[in-house]
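K.L.:
Give me a 3D structure for the following:
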Amino acid sequence: RAGTNVLGFYGWRPGRAHVYQDVATTGGVLKFSTWVKIEPGATNVSDLSIHMEWYKGDGTLVQTNVASLLGIPRTYEWEEVYVVGACHEAGVEFVRVVLDGEWGASDHAESKSPMFDEVQLVAVNTNLQNAGFETGSGDATPEWYSWSKELARIESWANHIGTNGVSFRGWIRNAFLPHYETTLEQPLSVTPGTYEFSIWLMRDILFTMTNAELRIEWYGGDYPNKIQADTVLPITIPTAGVYLRYAVTGTCANAGLRIAKPVLFAQWNTSANDSLKVDDAAFTQMTGDDTTDGIPNSWWTRYGIAEIDRIGTNNPDSDGADNNEEYVADTSPTDPGSVFLNTITNYLAETNKAYGQGYILRIMAGPPTTNSREYDVYWKTNLKNGAEGWTALQLNVPGDDSGGPVMLIITNNATNLFYRTGVKIPE
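P.N.:
Now for the predicted structure:
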């Protein structure tokens, strides 16, 4: 893949390989990664994995972390793979990183080897890296992992904010791929607590998405064993042509928590030259009631707003909504295209036939809306300055999962009322 040489397991004759290197360490949270290519003819591979084995100075094996590679697509593409683990046991002096495989006889004439390149052992990050996908290009997606690389690539035309974004490429057709799905994930070193994973998505109109979800996976040091069930947010098929923010929040209070993995998963059918565009991820530890100017600090941090600029009445994106209003609406204070205005975008009035008087009024609120907020209609009888304030009808309608508008239905028996829409945080 890079440089002159690769490590290849000779798939044209039966065998087993076990390649390793010992690296001094006293413990910690580590990630062992490499690039692997499993050629299409390597159908005889019965075991292929990467390991981290933790040892004391006397050679006692303390812990093993293993990631199987048998699910990696057998194509001509290089895929980046990893295994993570955490070990803090006293006396640990080195970790052994291992490439392991076993295979039988093959009747394929060629292209039958698993190959490895660019091996790396590093500490696992504590904060999400390359969250805006500004670093990297094509199949090089630094800090992020996906399979197959042919399906998920960094592209300049997939950006939401900044220069780059990731494209889940709906037009790819590869006979060696069993189905069209991929994840975008990044393991992180964490402590027990509550976390939010968010990301912005835009579906092109011809991208035929069939299933998608956000999830947070929770692990102890003995990865890949999970310490509790995943926290999952199913994603309904989003409205085409507009970037929408999705977020999942989960809590793991287990004292053994060492690693969390935020994951975006999507499946689709092949389509014309359209894609699912992905950008501006965030993984934030929620800090309870700590606030600045009445807004949680986790919200300020999510959008990268410096402490000196954390003022509720500021409007950094000049979109007509200040930070207080953006927080209440769950919209972005740094994106002028992400704003909820308290206006009626569409309505329909009809006679209330059930009672023979008044009207049924159907009012559309948004887009955008979000399922983390509630939407209402507010009324008053006089629009003059100094008149009474707006009164909520208390409809409390949840927003749409895919960010689309919601319908607010009211019955009006009054001779003259003025209406507007509004958004609020559920009580």
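
K.L.:
Now Pro142: phi and psi?
P.N.:
Per-residue torsions, Pro142: phi -50, psi 130 (degrees, to the nearest 10).

K.L.:
My read is that it contacts Ala131, right?
P.N.:
No: using CB atoms under 8 Å, Pro142 makes no contact with Ala131, being 11.3 Å away. From N, CA and C alone the C-beta is placed, and that goes for glycine too.

K.L.:
More neighbours: which of those two?
P.N.:
Set Pro142 next to Ala131 and count neighbours by other CB atoms under 10 Å: Ala131 wins out with 18 against 13.

K.L.:
Now Glu89. Nearest residue, chain neighbours left out?
P.N.:
Spatially, and ignoring its direct neighbours in sequence, Glu89 is nearest to Val62 (5.2 Å; CB to CB, 6 or more residues apart in numbering).

K.L.:
who does the host helix or strand of that neighbour touch, helix- and strand-wise?
P.N.:
Following DSSP states H and E, one finds Val62 within strand 61-68. Counting contacts by 3 or more CB pairs under 8 Å, 6 or more residues apart in numbering; DSSP states H and E, strand 61-68 is packed against strand 45-56, strand 79-87.

K.L.:
who does the first one pair up with?
P.N.:
The reference is to strand 45-56. Applying DSSP bridges, strand 45-56 is found paired with strand 61-68 (antiparallel), strand 92-103 (antiparallel).

K.L.:
Helices of the protein, residue ranges please.
P.N.:
Remark: helices assigned in the chain by DSSP state H are 297-302, 323-329.

K.L.:
Run through the bridge partners of the residue most central in space within the chain.
P.N.:
Nearest to the geometric centre of the chain sits Leu264, at 4.0 Å (CA atoms, centre = their mean). Beta-bridge partners for Leu264, by DSSP bridges, are Leu184, Leu214.

K.L.:
thought it was touching Gln186?
P.N.:
No: judged on CB under 8 Å, Leu264 makes no contact with Gln186 at a distance of 10.0 Å.

K.L.:
got a list of what Gly399 touches?
P.N.:
By CB atoms under 8 Å, 6 or more residues apart in numbering, Gly399 lies in contact with Gly366, Thr369, Thr370, Asn371, Ser372, Arg373, Glu374, Tyr375, Val406, Val423.

K.L.:
now the strand holding Val62 against strand 79-87, angle please.
P.N.:
Strand 61-68 and strand 79-87 meet at an angle of 160 degrees, taking axes from the mean of the first three to the mean of the last three CA atoms, to 10 degrees as the criterion.
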